[in-house]
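what's the 3D shape of this:
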Amino acid sequence: MLVTMFVRVTLSCLMVVVLSWGLSGCGDHSDTSEPSETGLASQAAQAAQIAEVAPPPVFQQLRPSLDSYQPQVTILTPEANQVLEDTTVSVQVQLQDLPTFKDAELEMGPHLHVILDDQPYRAVYEPDQPIVFEDLSPGTHTLRVFASRPWHESFKNEGAYDQRTFHLFTETHKNTPDPSKPLLTYSRPKGSYGAEPIMLDFYLANAPLRLVAQENPDNNIIDWQIRVTVNGQSFLLNDWLPVYLEGFRQGTNWVQLEFLDEEGNLVENAFNNTVRLITYESGGQDSLSKLVRGELSAEAARGIVDASYSAQPTPQVEEQRSRGAEEKDAQTRGPGDAGTEETSPSQDVESSAPTEAKPTDEPRGEKRLTPEKPTTLPEIIEESPSPEPKEEDSQDKSSQSDQSESSELVPNSATPSEAGESGEVGKQKPSAEAPGNYSSLRVPEVHLD
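As a prediction, this is how the structure comes out:
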């Protein structure tokens, strides 16, 4: 009996020890799981970085230039439900009320987005030319075409969109949208980006007006909403408008668009659930990235919305600059330089610095515009003809002339009286206070110091 009791007490002690050890182990396991929860919270915080922001100001400034257009898009070929015996298809499109072009410098302009089945769109800037698709698989295919602004925002007016279903060799059920149901067309984002925010845009066909759907809850009109998912973070859109987002991670990102009914259920139709991969690398130097960052102004980018716009100086401005330069050269030479030979001192001074008479972008300083010591123009003295000097006298005067030439190469080195005595009339440059001063000319500045 005592042995039995001893065994029971021993077993009880062992059970207590085992339970204590187990509870201690559970506590340790609970402690080690906390970093994992912290990691999940960190991942959730990282995914929550996607946020909607205002559109770039330059797009808002350029947009009114295209608001007057109501583009009308029509697919001419292939015909509806046409069966073609080829894997190459040539598409003809008619576009009205929208000029399409690509700016030569920025490589942007109004264009068409042409989408085959669920592939990313092809930008078309010459819609009057055939659009060729090669190596297509047999079966049913659907084309969707709509007009787009230079920054790839779709025109959403009536008639700006058209779609066409055709078949290669035979008809299949793939890529066949139901015309009685709403259809979602994914447009942007697409490809690579070098700046944020990134625009998200889509096109809707057969979707009812939300106000009509919400007017009477008992009607059969289905209200809609668009679910957007970026890198696992989802949000809903209730308006058919472009959205600008920021918070994308460097490298590869994925974006999904789904067409839902008013209860949050997916509306089954071809292309109503589309996923795209895009790449984001900050610091891009393409035109779109520079516009988004604000490095290009609306005036600098006006050529992407107006094919006739040019920021180059007009011929009238160039003519005025040329005329002003000629007038300044005449004032610099003075009245006594007319009819002098090319070897005259005044022309030697001008030829020593030929670039000073050309326009310059350097900032003007006071020292260039105003001489250090203002002087007045010397009085013009008419000299009577003198008899022809002898040979010895001409040599002496030649040496004096050389000295006079060297003194004229240094401006303001001779006083007005000396200039008058030497007989060199009009060789001294005018001061800022004299008529025709430099500050009143729209011509290149001339160094006076």
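
look up how far residue 50 lies from the spatially closest residue to residue 54 that is not a sequence neighbour.
Distances taken as C-beta to C-beta, 6 or more residues apart in numbering place residue 244 nearest to residue 54, at 6.9 Å, with adjacent residues excluded. C-betas here are computed from N, CA, C, even on glycine. Residue 244 sits 11 Å away from residue 50, going by C-beta to C-beta, to the nearest Å.

between these two, which one's more packed in?
residue 50 (21 against 18; other C-beta atoms under 10 Å).

tell me how many other residues surround the closest residue to the more buried one other than its chain neighbours.
Leaving out its chain neighbours, the residue that sits closest to residue 50 by C-beta to C-beta, 6+ apart is residue 247, at 4.3 Å. One way to gauge burial is a neighbour count; for residue 247, by other C-beta under 10 Å, it gives 19.

next up, the contacts around residue 247.
49, 50, 51, 196 (C-beta atoms under 8 Å, 6 or more residues apart in numbering).

go again with 6 Å.
49, 50, 51 (C-beta atoms under 6 Å, 6 or more residues apart in numbering).

which one of those residues is nearest residue 67?
Taking C-beta to C-beta as the measure, residue 51 is the one of those closest to residue 67, at 27.5 Å.

got a list of what that closest one touches?
residue 247.

separation between it and residue 176?
In terms of C-beta to C-beta, residue 51 sits 38 Å off from residue 176.

next one: residue 256
From residue 256 to residue 176 the distance is 22 Å (C-beta to C-beta).

equivalent analysis for residue 196, please.
37 Å.

ok, back up a step: surely the residue nearest to residue 54 touches residue 57?
No - with contact defined as C-beta atoms under 6 Å, residue 244 does not count as touching residue 57 (11.5 Å).

show me where the stretch 151-300 of the chain has helices.
210-215, 287-293 (DSSP state H, counting those that start in this stretch).

between those, which gets the lowest average pLDDT?
Sorting those by mean pLDDT places helix 210-215 lowest, at a mean of 58.

so who does residue 230 touch?
Contacts of residue 230 were listed using C-beta under 6 Å, 6+ apart, and they are 50, 255.

residue 277 too?
By C-beta under 6 Å, 6+ apart, the neighbours of residue 277 are 252, 254.

any figure for the gap between it and residue 255?
Counting by C-beta to C-beta, the gap from residue 277 to residue 255 is 8 Å.

below-threshold pLDDT in this protein: ranges please.
1-48, 209-221, 311-449 (pLDDT under 70).

what about the closest residue to residue 206 other than its chain neighbours, distance to residue 252?
Nearest non-adjacent residue to residue 206, counting by C-beta to C-beta, 6+ apart: residue 182, 4.8 Å away. To residue 252, residue 182 is 30 Å away according to C-beta to C-beta.

who has more neighbours, these two?
Per other C-beta under 10 Å, whichever of residue 182 and residue 252 has more neighbours is residue 182, with 18 against 11.

that one contacts residue 203, doesn't it?
No - the pair residue 182 / residue 203 is not scored as a contact, 11.2 Å apart, by C-beta under 6 Å.

nearest spatial neighbour of residue 161, skipping sequence neighbours?
residue 146 (4.2 Å).

residue contacts, that neighbour?
Counted by C-beta under 6 Å, 6+ apart, residue 146 has contacts 113, 154, 160, 161, 203.

those residues in strands, which ones?
113, 161, 203 (DSSP state E).

rebuild these as CSV, extending it with distance to residue 229 and neighbour count.
Formatted as CSV, the ones in strands among the contacts of residue 146 follow (distance: C-beta to C-beta, whole Å; neighbours: other C-beta atoms under 10 Å):
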residue, distance to residue 229, neighbour count
113, 22, 24
161, 24, 22
203, 19, 23
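
which one of these is nearest residue 94?
Distances from residue 94 to the ones in strands among the contacts of residue 146, taken by C-beta to C-beta, are shortest for residue 161, at 13.3 Å.

and the strand or helix carrying residue 145, C-alpha only, in CSV?
Residue 145 belongs to strand 139-148 when assigned by DSSP states H and E. Presented in CSV, the C-alpha positions along strand 139-148 are these (Å, rounded to 0.1, in the frame of the first residue of the first chain):
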residue,chain,number,x,y,z
GLY,A,139,-9.6,31.6,-83.5
THR,A,140,-11.5,34.7,-82.4
HIS,A,141,-9.9,38.1,-81.8
THR,A,142,-11.2,41.5,-80.7
LEU,A,143,-9.9,44.9,-81.5
ARG,A,144,-10.5,47.9,-79.2
VAL,A,145,-9.4,51.4,-80.3
PHE,A,146,-9.8,54.8,-78.6
ALA,A,147,-8.3,58.3,-78.9
SER,A,148,-5.7,59.5,-76.4
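
next, count neighbours for residue 88.
Residue 88 has 11 neighbours, counted by other C-beta under 10 Å.

nearest residue to it other than its sequence neighbours?
Residue 88 sits nearest to residue 134 (C-beta to C-beta, 6+ apart), 4.9 Å away.

and that neighbour, how far from residue 228?
In terms of C-beta to C-beta, residue 134 sits 33 Å off from residue 228.

higher neighbour count, these two?
Remark: of residue 134 and residue 228, residue 228 carries more neighbours, 19 against 9, as counted by other C-beta under 10 Å.

tally of neighbours for the nearest residue to that one once chain neighbours are set aside?
Excluding the flanking residues, the one nearest residue 228 by C-beta to C-beta, 6+ apart is residue 235, at 5.7 Å. Here the number of neighbours of residue 235 (other C-beta under 10 Å) works out to 14.

for residue 89, give the beta-bridge partners.
Beta-bridge pairing for residue 89 (DSSP bridges): residue 133.

that one touches residue 133, doesn't it?
Yes - judged on C-beta under 6 Å, residue 89 makes contact with residue 133 at a distance of 4.8 Å.
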